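**Student:** 3D model of this:
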Amino acid sequence: MSFDMNTAVAPKKQTAFRLDVDLLERLRVIARRENMSLNNYV
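**Tutor:** Residues are numbered from 1 along each chain as shown. Here you go, the predicted structure:
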């Protein structure tokens, strides 16, 4: 399936991850630096 990222909506699936506490905190810091939520960053 080919689609243009600017016009197509890809199907989404909710999921959960178990991450190491240190990794999670590093991801939060990076997401904050990029002005993004953790979910959007991931």
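
**Student:** contacts only, for residue 9.
**Tutor:** Contact analysis of residue 9 by CB atoms under 8 Å, 6 or more residues apart in numbering lists nothing. Glycine gets a C-beta too; all of them are placed from N, C-alpha and C.

**Student:** oops, could you answer that again for residue 37 instead?
**Tutor:** Neighbour list for residue 37: residue 31 [criterion: CB under 8 Å, 6+ apart].

**Student:** now stretch 23-38, how far from the chain's geometric center?
**Tutor:** 10 Å (CA atoms, centre = their mean, to the nearest Å).

**Student:** now the top helix by length along the chain: buried residues?
**Tutor:** For the chain, the longest helix by residue count, based on DSSP state H, is helix 21-33. Neighbour-count burial for helix 21-33, counted by 16 or more other CB atoms under 10 Å, picks out residue 31.

**Student:** do stretch 8-20 as well
**Tutor:** For stretch 8-20, the neighbour count (16+ other CB under 10 Å) marks no residue as buried.

**Student:** what separates residue 19 from residue 33, distance-wise?
**Tutor:** Counting by CB to CB, to the nearest Å, the gap between residue 19 and residue 33 amounts to 18 Å.

**Student:** same check, this time on residue 24
**Tutor:** Residue 24 sits at a distance of 15 Å from residue 33 (criterion: CB to CB).

**Student:** cool, and residue 11?
**Tutor:** From residue 11 over to residue 33 (counting by CB to CB), the distance is 30 Å.

**Student:** what's the answer for residue 17, then?
**Tutor:** 21 Å.

**Student:** list the contacts of residue 40.
**Tutor:** The neighbours of residue 40, taking CB under 8 Å, 6+ apart as the test, are residue 31.
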